[in-house]
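Undergrad: predicted structure and sequence below. I'll ask about it afterward.
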Amino acid sequence: GQSLEQPSEVTAVEGAIVQINCTYQTSGFYGLSWYQQHDGGAPTFLSYNALDGLEETGRFSSFLSRSDSYGYLLLQELQMKDSASYFCAPEGTNAGKSTFGDGTTLTVKP
Amino acid sequence: SAVISQKPSRDICQRGTSLTIQCQVDSQVTMMFWYRQQPGQSLTLIATANQGSEATYESGFVIDKFPISRPNLTFSTLTVSNMSPEDSSIYLCSVEDTGHEQYFGPGTRLTVT
């Protein structure tokens, strides 16, 4: 079967660093994606990891450990506009589709 | 990146009726996906639509309730049939590019009364 776990809520202050963890169990695995969704908006793609290690894109980094079925999204120098929901989405081997986790609501406070 | 539009953006419908949602992409794509999302919750995949073949439905979703068309590589429709209040949700279409990124349409907010 498939399962996904990520924290439901995280709160941090502006300028801080936040790590959102994701553990997954899926039949077949290509890679792990992260998406950001603001209230009332559509999800937008942040990153994709197919190989173990850290991928850095500006203030956001994403990490994957295939052997541990674990990944995380690291957000640095938090800004108020980073307040949103963040979804991890492992991509399985079945037609390349992704399964979305329940999402982590990040609240950034001044 | 792909730019996706959806119509309508929102609608209020009476139970027992049907609504067809349109999804238009600005480039040719092989796979299109239809999702449902309750406010504040995760995205649930309804089906995958490939051009030239029947859509593949996820567990809990059936073609009679959610018929899908995919007449060409830039367009798809999802129909929500015989609606009930439980179908009230946001419906999103998405496409995947070669880099494993999914691009989402703005969504259709459906309220069934």
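TA: Cool, the structure landed.
Undergrad: number of nearby residues for B:Q14?
TA: 8 (other C-beta atoms under 10 Å in any protein chain shown). Glycine gets a C-beta too; all of them are placed from N, C-alpha and C.
Undergrad: how far away is it from B:Q28?
TA: Taking C-beta to C-beta, to the nearest Å as the measure, B:Q14 falls 37 Å from B:Q28.
Undergrad: element containing the nearest residue to B:F66 once chain neighbours are set aside, please.
TA: With C-beta to C-beta, 6 or more residues apart in numbering or on different chains as the criterion, B:F66 has its nearest non-adjacent residue at 5.7 Å, and that residue is B:I46. Secondary structure from DSSP states H and E places B:I46 in strand B:43-50.
Undergrad: bridged to the residue nearest the centre of chain B, which residues?
TA: In chain B, the residue lying closest to the centroid (C-alpha atoms, centre = their mean) is B:W34, at 3.5 Å. Counting by DSSP bridges, B:W34 is bridged to B:A47, B:C93.
Undergrad: I'd assumed B:A47 was in contact with it.
TA: Yes: with contact taken as C-beta atoms under 8 Å, B:W34 and B:A47 are classed as touching, separated by 5.4 Å.
Undergrad: overlap in contacts, the two.
TA: By C-beta atoms under 8 Å, 6 or more residues apart in numbering or on different chains, B:W34 and B:A47 have these common neighbours: B:F66, B:I68, B:L78.
Undergrad: just the residues you listed now: which is nearest chain A?
TA: Of all these, chain A sits closest to B:I68, with 14.4 Å by C-beta to the nearest C-beta.
Undergrad: next, count neighbours for that closest one.
TA: The number of residues packed near B:I68 is 23, by other C-beta under 10 Å.
Undergrad: what of A:S27?
TA: Other residues within reach of A:S27, judged by other C-beta under 10 Å, total 9.
Undergrad: B:V95 belongs to a strand, doesn't it?
TA: Yes: when DSSP: H, G, I helix; E, B strand; the rest coil is applied, B:V95 is found to be in a strand.
Undergrad: who's in contact with the residue nearest to the centre of chain B?
TA: B:C23, B:L45, B:I46, B:A47, B:A49, B:F66, B:I68, B:S76, B:L78, B:Y91, B:L92, B:C93.
Undergrad: rerun at 7 Å
TA: If you count contacts by C-beta atoms under 7 Å, 6 or more residues apart in numbering or on different chains, B:W34 has them with B:I46, B:A47, B:A49, B:I68, B:L78, B:Y91, B:C93.
Undergrad: again with B:G107
TA: So B:G107 contacts A:A42, B:Q6, B:I90, B:Y91, B:L92 (C-beta under 7 Å, 6+ apart).
Undergrad: could you redo the last one with a cut-off of 8 Å?
TA: When contacts are counted by C-beta under 8 Å, 6+ apart, B:G107 touches A:A42, B:Q6, B:S9, B:Q37, B:I90, B:Y91, B:L92.
Undergrad: quick one: it from B:L43, how far?
TA: Per C-beta to C-beta, B:G107 is found 10 Å from B:L43.
Undergrad: who touches both of those two?
TA: Contacts common to B:G107 and B:L43, judged by C-beta under 8 Å, 6+ apart, are B:Q37, B:L92.
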